[in-house]
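Asker: Compute the structure for the input listed below.
(3 chains)
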Amino acid sequence: MYVIIKILGFLFLFYNISFAQSSISSESQICISCHEMVTPGIVKDWKVGVHSKITLKEALSKDSLSRKVNSSPSFKNRDIVIGCAECHTLNPESHKDTFDHNGFKVHIVVSPKDCAVCHSKEVEEYDKNLMSKAYTNLKDNPLYYKLVKSSLEPNPNILSENDACLACHGTKVEVKGEEIRNTQMGEMKFPILLGWANNGVGRINPDDSKGACTSCHPRHSFSMEIARKPYTCSQCHKGPDVPAYKVYMVSKHGNIYSSKGAEMNFNNTPWKVGEDFKAPTCAVCHVSLLVDSNNNVIVERTHQMNDRLSWRIFGLIYAHPHPKDSDTTKIKNKAGLPLPTELTGEFVKEFLIDEKEMEKRENKMKSICMTCHTSSWVEAHFVKFHNTIKTTNEQTLEATKILLEAWKKGVANASCIFDEAIEKMWVEQWLFYANSVRFASAMGGADYGVFEMGRWYLNKNIQNMKDWLLFLLKKK
Amino acid sequence: MYVIIKILGFLFLFYNISFAQSSISSESQICISCHEMVTPGIVKDWKVGVHSKITLKEALSKDSLSRKVNSSPSFKNRDIVIGCAECHTLNPESHKDTFDHNGFKVHIVVSPKDCAVCHSKEVEEYDKNLMSKAYTNLKDNPLYYKLVKSSLEPNPNILSENDACLACHGTKVEVKGEEIRNTQMGEMKFPILLGWANNGVGRINPDDSKGACTSCHPRHSFSMEIARKPYTCSQCHKGPDVPAYKVYMVSKHGNIYSSKGAEMNFNNTPWKVGEDFKAPTCAVCHVSLLVDSNNNVIVERTHQMNDRLSWRIFGLIYAHPHPKDSDTTKIKNKAGLPLPTELTGEFVKEFLIDEKEMEKRENKMKSICMTCHTSSWVEAHFVKFHNTIKTTNEQTLEATKILLEAWKKGVANASCIFDEAIEKMWVEQWLFYANSVRFASAMGGADYGVFEMGRWYLNKNIQNMKDWLLFLLKKK
Amino acid sequence: MYVIIKILGFLFLFYNISFAQSSISSESQICISCHEMVTPGIVKDWKVGVHSKITLKEALSKDSLSRKVNSSPSFKNRDIVIGCAECHTLNPESHKDTFDHNGFKVHIVVSPKDCAVCHSKEVEEYDKNLMSKAYTNLKDNPLYYKLVKSSLEPNPNILSENDACLACHGTKVEVKGEEIRNTQMGEMKFPILLGWANNGVGRINPDDSKGACTSCHPRHSFSMEIARKPYTCSQCHKGPDVPAYKVYMVSKHGNIYSSKGAEMNFNNTPWKVGEDFKAPTCAVCHVSLLVDSNNNVIVERTHQMNDRLSWRIFGLIYAHPHPKDSDTTKIKNKAGLPLPTELTGEFVKEFLIDEKEMEKRENKMKSICMTCHTSSWVEAHFVKFHNTIKTTNEQTLEATKILLEAWKKGVANASCIFDEAIEKMWVEQWLFYANSVRFASAMGGADYGVFEMGRWYLNKNIQNMKDWLLFLLKKK
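Answerer: Sure, this is the predicted structure:
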């Protein structure tokens, strides 16, 4: 087997024209020689991406605004492009999924640590992003993990967890032995991966790193264009809990993007307001490096993503100032619950950013708004938005009071706060309806603040809970 | 400050090449000299729009079918294009938001009255459009306003109203003093606008006009293309109450638009059936001037929008013939309620168009259908559609009967008909499910007539209401 | 009238340049001479399609991989393109909707039997597709038909059926006399069609054939491109019962399609992995003929559509192996119900494909996955997917047990299992939530497996049903 592969690779080196550019490392050329046949889709996708087109030397020589490589990679040869072997054979000893593959020490799961060889700044920023801790913040928070478990009843298991919450949050990828599989190239040995088939944002990788850059930059073109388009965010942010994408799409911004997006430029770096794009996508406001026509920087690029956000409008269980640290497992409220707010709404301030930091972040966001809107518009928008945070928190409190009464009267049991019908109604109050209203308010999402999971339901749910409590109480 | 601006403008006049076309008025050139820097997005957007590209003289000289300017504007100079100053300094005395801005009397909120200087016909038509009265028809109808208020409980306030219902319906924009703000150009004074940050269709403007042309023609390109694409309508018509966009997108028409829209022409005037578009968007059926290949007019342009519609399928609380007048606050049913139907379904005929007018409007719509469909198809479609109006009204009546019983038996209180759980179930019967089914029937919306907010829920809701009433009645 | 038409056609033959290609049959030229004026949209659409551009001879001479015509059509003249008359005057005697139209025997409803003259293989395959029996499988299954009827209560009628379930399933199109209608060409006689205005997949046509090729290949371009895009499938597969489209759109595949689809080629035959498309659409996995860069066939084209599918994840009432036969009316479970599973979950094996066939089908699907994914990814995906089938079936059983208790205790009536509130909750357990979770698991649909109609509701519904039963039982 191994010999055949070697011969194939060898033949390839001499005869293949389409790839025989001196800029592809000889190792990657051997990979391609087989994978061009066995997984043609991946190879073609890589070919259209930047990694296959630009050498390290060229990438490193770009001016500071358009440069994307911010570390000095350890590759000896800087005249190569980044091919298969450059990533899949990096630091083989730190990857538990490394296996012998035709003479190479290959690992399957390329991790942020691997990407950091060239893109260290992005990986460092991403470490401060709540998303990078999406696995641990969910599974190592005993309260949230109860929500996971109770939602999978009567048959919770790890495969269901991986298929449900952890599809977005990221799984823990572990190696459990090896097995021999029949392939187009004959029998070959591969590691068995538990938790695999996952691109979640907080994935625990076999090298113990957290996250998956491919969540937003899909393999193997690792396209910036795709990450800048709203469909990428929709992968995880379209449900009733975080309806960001749905809200965006009915907003004026979303309308203009849908109507005129085909004429916009999603590949330019830096990204020019009004020229490259005429309405913001998610990335414009939350991630990208933006400049005006004279290349003055409006905001720097950030993979932390919440440093332009003051409020965490995703209520847990109330909307609150953003946590200081992306690791939220350390947060405890006065009642001892691992929540950033009390059940009655007060913020657990010591773990949350202060007002000064909030103002700083909001001002960053405003500086983006003001490239198209006057201060009158922007200030008025935020006045309305702050009111919405306040009122939706009040409406969450209203539902909480009913639940507290149910617990007190003994018709619901607080030992798990997520598993009974009336408790689930309460969860929807903050997780679905209050969140929906706040996302709608933040982006101009019209009906998502009203009839589509919005205020209509916020109030209806309170009335339903009242009656449900009544029914539970009747002749107990 | 003022002097600097003047100098800047002056320099601009002599040196700026990109804008120094003689066709931009000197006033607008001064605006641009600063705003190109402080709000580059707006300026770029204006530059790609028609307003920046065609002089008044050219616009007025177009042939009648392709002409969009239908009034003889009062501007002395007809060799200019329409720039910032042309709109934002019009009739300064009638705009309460007019303020001194670098030597100009500028108002922030450009209103339909301003647009009417050139586009009087569209503004006149729009005045007959129910949407132009969306603010007053909601807020000045005591019954509907109760629906607003009760939905915002327990903390209704004007900011929430503006962020919720009035986001689409339009807010009342009022001037409340002035304030000084720090800008990139130093400290400047601006009016404080209440109800601002709004593009709602029935917005009350500081010049007392109603509406916002920017609802559909977003600033500052005021694109017809965008208005003709369905995403514009989705801004307000995607929720469960008016799911027009969702229904359209799963219809055959929507499928063809999504699949082939990139090849259609959304800029031609008049709009040619089969050549410019091969499937209708919302605008085709409801707004646009359509012609056949020989430029024979199929239907005239209309901003009234309901003059091709016989039935108002948006039930209040039953589907009914369209109101005669766009101001619906004057409607009263026999029970004294400001509704176009009785609670038991009869139409309040004196305020609604008669059968002759209904036929006329339906025939207009059919003439559009028949550019692609034979009479067999079209007649059969409307037979089915009329049946759906009848049956969904009957299903609304069925739910109403249960509510009437709840009121009679004293387990619900009719003083406000929208605030209790069982009343809210009833509201969803007509506002969500019956509407959804009718929209689906009108456009071929498949599952929106069945499982997606459709007939499944129409019937399930009746069963739920029956049981809920039972639970309320048990050992009262 | 007739004479005028003839003269018109005659004039057309000599003078019309745009259509006077010798390749259009003289019969079709006569059709076009009028319909170019009366239904310009159809004619233009036909003109951009393949049927108008390629003669039979050319179509028949293509190599086997790119050839789409697989029968030897009975047309004498093979130098013609396929125009109006070629289809609408085929086998006039077998079409009950044939009528005299300006000297021709024209039928309105072109059926799969007509299409089979050239495309026999596709029509034969489609006959094995469950969709081809969508009308009979629904209406001739007494249990399912009860679901239809009870959902339309209190006023079921045939027009509502046609507008609801049968919009997608297909109607029965019948001729009920003739009538004279006023047309642009004067008074003309047309057949009256019942069940008309329908493109449903299992439509019963006036020639007794089943199906409508236009469900996916819309008139009159009969575009393959449109059928290959996911919007076509969305027409019927977007609701909570079969949320395939919604799930796809938030999947990684859907994201890449939305972001990069404009650069893909939807017209090539055969369809090349990685070159023509870089992410699968519905058609890639379920229908199309796929080849690699060297034109090696990965999978053959199929209009059966389930021969790459082992499990029918659309639960009735549990997910089960696919039925052997597309006619499912003959299936009976032990309890005598026309269901492929028992109410308690066991499969009715004799009517379902066996494990060997399941493996064969799953392997076909895997061969597609593996053009872009390694075996590690693909095997792990299917392990997760099979777990989801098992657990969702268990969660359906959990809800069924509650319903069985309600029946046993006499608070619900099993004579119709779909018409009471608690029964409808049970229906949603398998029809909405379990289905949604399975579709999400199959395609990577993130929140559709969790909060958006997913596992959250699977569990919440069980809790709700428990309480609802409690309320029903209290002081009966």
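Asker: give the contact list for A:Thr39.
Answerer: For A:Thr39, the contact set (Cβ atoms under 8 Å, 6 or more residues apart in numbering or on different chains) comprises C:Met370, C:Thr371, C:Cys372, C:His373, C:Thr374. Every C-beta, even on glycine, is put in place using the N, C-alpha and C of the backbone.
Asker: Closest to chain A out of those residues?
Answerer: Distances from chain A to the contacts of A:Thr39, taken as Cβ to the nearest Cβ, are shortest for C:Cys372 (3.2 Å).
Asker: returning to what we had before: which pair of the contacts of A:Thr39 spans the longest distance?
Answerer: For those, the maximum inter-member distance is 10.8 Å, found between C:Thr371 and C:Thr374 (Cβ to Cβ).
Asker: quick one, which of these two is more surrounded?
Answerer: C:Thr371 (21 against 18; other Cβ atoms under 10 Å in any protein chain shown).
Asker: which ones are touching the more buried one?
Answerer: Shown here is C:Thr371, whose contacts under the criterion Cβ under 8 Å, 6+ apart are A:Thr39, A:Pro40, A:Gly41, C:Val273, C:Gly274, C:Leu290, C:Asp292, C:Ile298.
Asker: ok, 6 Å please
Answerer: Listed by Cβ atoms under 6 Å, 6 or more residues apart in numbering or on different chains, the contact set of C:Thr371 reads A:Pro40, A:Gly41, C:Val273.
Asker: residues from the stretch 101-250 of chain A in reach of chain B?
Answerer: Applying Cβ under 6 Å from any Cβ of the partner chain, we find that the stretch 101-250 of chain A lies next to chain B at A:Val250.
Asker: Go ahead and report the secondary structure state at the closest residue in space to A:Gly445 that isn't next to it in sequence.
Answerer: Among residues not flanking A:Gly445 along the chain, A:Val247 sits closest, at 3.3 Å (Cβ to Cβ, 6 or more residues apart in numbering or on different chains). For A:Val247, the assignment made with DSSP: H, G, I helix; E, B strand; the rest coil gives helix.
Asker: how long is stretch A:439-459 from one end to the other?
Answerer: End-to-end distance of stretch A:439-459 (Cα to Cα, to the nearest Å): 17 Å.
Asker: Count the neighbours of the residue nearest to A:Ser288 when sequence neighbours are not counted for me.
Answerer: Once flanking residues are discounted, A:Ser288 sits nearest to A:Trp271: 5.0 Å by Cβ to Cβ, 6+ apart. The tally of other residues near A:Trp271 (other Cβ under 10 Å) stands at 23.
Asker: before we move on, which element is the residue of the stretch 201-350 of chain A found nearest chain C in?
Answerer: Chain C sits closest to A:Gly239 of the stretch 201-350 of chain A, with a gap of 3.2 Å, by Cβ to the nearest Cβ. A:Gly239 is part of no helix or strand when elements are defined by DSSP states H and E.
Asker: Tell me the residues of chain A that contact chain C?
Answerer: Residues of chain A that fall close to chain C, judged by Cβ under 6 Å from any Cβ: A:39-42, A:44-45, A:108, A:151, A:153-155, A:159-160, A:163-164, A:167-168, A:181, A:190, A:193, A:196-197, A:218, A:226, A:229, A:231-232, A:234-236, A:238-241, A:420-421, A:424, A:471.
Asker: and the nearest residue to A:Met131 once chain neighbours are set aside, how many neighbours?
Answerer: In this structure, A:Met131 finds its nearest non-sequential neighbour in A:Val201, 4.0 Å apart by Cβ to Cβ, 6+ apart. A:Val201: 24 surrounding residues under other Cβ under 10 Å.
Asker: My guess is A:Val201 contacts A:Lys133. True?
Answerer: No - look at A:Val201 against A:Lys133 with Cβ atoms under 6 Å: they stay out of range, at 9.3 Å.
Asker: Just give me the neighbour total for A:Lys366.
Answerer: 16.
Asker: re earlier: so for the residue nearest to A:Gly445, what's the pLDDT?
Answerer: Predicted confidence (pLDDT) for A:Val247: 98.
Asker: Next, the contact list for it, please.
Answerer: Counting by Cβ under 6 Å, 6+ apart, A:Val247 has contacts A:Phe439, A:Ala440, A:Met443, A:Gly445, A:Tyr448.
Asker: so how far is chain B from it?
Answerer: Distance, A:Val247 to chain B, by Cβ to the nearest Cβ, to the nearest Å: 11 Å.
Asker: Now do the strands in chain A.
Answerer: Under the criterion DSSP state E, chain A carries strands at the ranges A:99-101, A:104-106, A:174-183, A:186-194, A:271-272, A:290-291, A:297-299, A:311-312, A:320-321.
Asker: would TSV of those strands with mean pLDDT be doable?
Answerer: TSV is the format used below for the strands of chain A (pLDDT from 0 to 100):
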stretch	mean pLDDT
strand A:99-101	97
strand A:104-106	98
strand A:174-183	94
strand A:186-194	95
strand A:271-272	98
strand A:290-291	98
strand A:297-299	97
strand A:311-312	98
strand A:320-321	98
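Asker: of those strands, which approaches B:Lys210 most closely?
Answerer: Evaluated with Cβ to Cβ, the strands of chain A place strand A:311-312 nearest to B:Lys210, the distance being 34.0 Å.
Asker: Contacts for that closest one next, please.
Answerer: Everything outside strand A:311-312 that qualifies as a contact, by Cβ under 6 Å, 6+ apart, is A:Ala319, A:His320, A:His322, A:Ile389.
Asker: center of chain A - which residue?
Answerer: A:Val201 (4.6 Å; Cα atoms, centre = their mean).
Asker: For it, list the residues it contacts.
Answerer: Contact analysis of A:Val201 by Cβ under 6 Å, 6+ apart lists A:Met131, A:Ala134, A:Gly170, A:Ser215.
Asker: quick one: which of the residues you listed is nearest chain C?
Answerer: Looking at the contacts of A:Val201 and their distance to chain C, the nearest is A:Ser215, at 9.1 Å (Cβ to the nearest Cβ).
Asker: Let me know the pLDDT of that closest one.
Answerer: 98.
Asker: That one and A:Asn198 touch, don't they?
Answerer: No - counting by Cβ under 6 Å, A:Ser215 does not reach A:Asn198; the two are 9.6 Å apart.
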